[in-house]
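>>> return atomic coordinates for the entry below.
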Amino acid sequence: MVEADFSGNFLNSENCKDGDIGTILSEGEYKEMKNFKGETFKQLVLDVDVNQKKLTHNPKTLEGRELVRVWGKDTKLWIGKQFSIEVCKTLAMGKPKLVVQIIPLTQKV
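Down below sits the predicted model:
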């Protein structure tokens, strides 16, 4: 049997749920992105594993600050660190949307 999976390559509410545990797989890299106004900015992009699936995650600013507070600034040291998933409701361009935040763990699960 082939299981259809259209959840994509980015960590999102379709490929994880509250309380799932994931692992950082790479030190990440900064990529140039564009916001909805067409302005460019740099975004940290991390490879993560959640539910035995390799995915990509772009931490938001507050989320990234918490990762730095717990694990330090050197993202190479984040490799192998675990996090828990929190699925949150938010508004994006005036429409409700589910987003995923990763919460750094200090001990292996």
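>>> the helices in this structure, which residues?
All helices of the chain, identified by DSSP state H, fall at 61-71.
>>> pLDDT weak spots in it?
Flagging of the chain using pLDDT under 70 yields the residue ranges 6.
>>> center of it - which residue?
The residue lying closest to the centre of the chain (CA atoms, centre = their mean) is residue 57, at 3.2 Å.
>>> please name the nearest non-neighbouring residue to it.
Spatial nearest neighbour of residue 57, excluding adjacent residues (CB to CB, 6 or more residues apart in numbering): residue 11 at 4.3 Å. Heads up, the C-betas are built off the backbone N, CA and C, glycines and all.
>>> got the contact list for the one you found?
For residue 11, the contacting residues are 22, 48, 50, 55-57, 85, 100, 102, by CB atoms under 8 Å, 6 or more residues apart in numbering.
>>> which member of these is positioned nearest residue 72?
Nearest to residue 72 among these: residue 102, at 15.8 Å, using CB to CB.
>>> is the closest one in a bridge, and if so with what?
residue 85 (DSSP bridges).
>>> roughly how far does the residue nearest to the centre of the chain sit from residue 75?
From residue 57 over to residue 75 the distance is 12 Å, taken as CB to CB, to the nearest Å.
>>> just checking, residue 85 touches residue 22?
Yes - Residue 85 lies in contact with residue 22 (CB atoms under 8 Å); the separation is 6.5 Å.
>>> residues shared between the contacts of those two?
Among the neighbours of residue 85, those also in contact with residue 22 (CB under 8 Å, 6+ apart) are 11, 16, 50, 102.
>>> now the third one. Nearest residue, chain neighbours left out?
When you say that, I think you mean residue 50. Once flanking residues are discounted, residue 50 sits nearest to residue 22: 3.9 Å by CB to CB, 6+ apart.
>>> if I pick that neighbour, what's in contact with it?
Applying CB under 8 Å, 6+ apart, we find residue 22 in contact with 11, 16, 48-50, 82-85, 102.
>>> among those residues, which ones are buried?
11, 16, 48, 50, 82-83, 85, 102 (16 or more other CB atoms under 10 Å).
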